[in-house]
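Chemist: Next input, structure requested:
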Amino acid sequence: MVKLRTQYTCQQCGTVYGKWAGRCENCGEWNTLVEQATEKAQSSVAKAGSSGKSLEVQSIRSMSSEQGDDRLKTGVADLDIVLGGGVVPGSVVLLAGQPGIGKSTLLLQVTAHIAQSFPVLYVSGEESANQVVLRAERLGAQTHEQLSFASSTSANDIAATILKGEHKLVVVDSIQTMSLDEMTSAPGTVSQITNSSNVLIRAAKAAGAAVILVGHVTKEGSIAGPKVLEHLVDVVLQFEGDRYGGFKVVRAVKNRFGATSEAAIFEMYKEGLRVVENPSAALLAERQSADGSVVLATLEGTRPLLVEIQALVNPTSFGYPKRTASGFDLNRLNLLIAVLERRTKLNLSDKDIYINVVGGIRLNDQAADLAVCMAIASAAAQRQVDDGIVVFGEVGLGGEIRSVIGSDKRIAEAKKLGFTKAIAPKQSGVSRSTFITEVGDVRSALIDYLQK
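Modeler: Residues are numbered from 1 along each chain as shown. Now for the predicted structure:
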């Protein structure tokens, strides 16, 4: 009879211990060790190596690519670009985002489109059939005969269904609710998530069916569960944005079948998510001329986008000034404030500074540095930047403005929306013209382009 022994697994990082401890030595978290029963290994590593079978190898030259044009089109052109051309059969996609942001809505729209040509299965471990039917009726997805639904939290049952090969696409919402019958731990723990994902991935590869897993995120915004989950899947999509309004962005954090520089921008309506065709015009539609307002030419993946950066500078009422950023990295903001104080004559040590990126967009572009600096300086000096100017450029610690990628795309987008001038770094990789005004450092940019 197989002898069972007890081990303790950290629910944050997955580290295994032989006895319980209050704090995990690997990740430093407290009260995360959970008792689990595991089978005692019956064979050594040497025996395991000798019991294996020799692999059948073949030349890569003789192998033909099975990818071709067999990808499943989602019905959303921008989402297909993010995925690298569509969903690859036999692949596993992990879609993660905040609660209520629209993950289930997007997936129901995608499955409804694919169900027009192929059989699709939507498995929910969080919602009942009535809840899904209500959403499907709102989205107009209830009329597709090839779109099937099942409610289950058993990874064993879902894997057996996938192995039948009756469905080209299977959506599992969500992986945190799945559990294996062989595991004694509760759903959502590290062991359950890891082993359930392994079972589903093996079934997807064996049956050649595409699987989309929905994942939760922590309060910090990172994907919940063990980091190994992201390594197991083929594609990791991050759903970002404000759950209550504004634009929502889908980015590929990892993609084995395409680039990770693309992004799809959506807006939520009663009928579901829609792609924003001209986000720059929508973001600038309600802009008002005021100090602290600067238009930034940024890139979302390879797509140029014009967004408004707003800054508010007030005298502080406390001993330590407050710095707050919405849509911009706070550490980067503190760095830029230090550069402004050191390289210009601005005194910001007794000022509260607030930065906002309009539209719920979160910037990951270093080219936003110059726009943020000019917005802060504009608010502090109560001087406006001309309405026809767009700004982009990376700021170094010496106050110098460095070149950025995609300058030609940024300029073209600015011209299309009627802007007359761009403040850009020197040697930005575009031809010199009257539209571009090159600046070499932050101080000269502030002196020359802040109007009274």
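Chemist: excluding its backbone neighbours, what's nearest Asn26?
Modeler: Nearest residue to Asn26, sequence neighbours excluded (Cβ to Cβ, 6 or more residues apart in numbering): Thr15, at 4.2 Å. Heads up, the C-betas are built off the backbone N, CA and C, glycines and all.
Chemist: Verify the stated contact: that neighbour with Gly28.
Modeler: No: between Thr15 and Gly28 there is no contact under Cβ atoms under 8 Å: 10.9 Å.
Chemist: Looking at these two, which one has more neighbours?
Modeler: Neighbour count, other Cβ atoms under 10 Å: between Thr15 and Gly28, Thr15 has more, with 15 against 10.
Chemist: got a list of what that one touches?
Modeler: 9, 24-27 (Cβ atoms under 8 Å, 6 or more residues apart in numbering).
Chemist: and Ser293, what is it in contact with?
Modeler: 287, 308-311, 375, 378, 384-385.
Chemist: Check the residues you listed against Val190 and report the nearest one.
Modeler: Ile309 (40.2 Å; Cβ to Cβ).
Chemist: element containing the closest one?
Modeler: In the assignment (DSSP states H and E), Ile309 maps to strand 303-315.
Chemist: By neighbour count, which bits of that strand are buried? Give me those.
Modeler: Within strand 303-315, the residues scored as buried using 16 or more other Cβ atoms under 10 Å are 303-313.
Chemist: other SSEs contacting it?
Modeler: Applying 3 or more Cβ pairs under 8 Å, 6 or more residues apart in numbering; DSSP states H and E, we find strand 303-315 packed against strand 263-269, helix 279-284, strand 293-300, strand 351-357, helix 369-381, helix 407-416.
Chemist: sorry, back to before: possible to save the buried residues of strand 303-315 as CSV with pLDDT and distance to Thr177?
Modeler: Formatted as CSV, the buried residues of strand 303-315 follow (pLDDT from 0 to 100; distance: Cβ to Cβ, whole Å):
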residue, pLDDT, distance to Thr177
Arg303, 86, 34
Pro304, 92, 40
Leu305, 93, 36
Leu306, 96, 41
Val307, 95, 37
Glu308, 96, 40
Ile309, 96, 40
Gln310, 96, 40
Ala311, 97, 43
Leu312, 96, 43
Val313, 96, 47
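Chemist: Quick check: the farthest pair among these?
Modeler: Arg303 and Val313 (31.3 Å).
Chemist: residues contacting Ser197?
Modeler: Ser197 touches 175, 213, 229, 232-233, counting by Cβ under 8 Å, 6+ apart.
Chemist: Can you pull the domain assignment for this structure?
Modeler: According to automatic domain parsing, the chain comprises the domains 4-42, 77-277, 281-449.
Chemist: Could you export these to JSON lines, including columns for distance to Ser62?
Modeler: Output for the domains of the chain, formatted as JSON lines (distance: least, Cβ to Cβ, whole Å):
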{"stretch": "domain 4-42", "distance to Ser62": "39"}
{"stretch": "domain 77-277", "distance to Ser62": "20"}
{"stretch": "domain 281-449", "distance to Ser62": "35"}
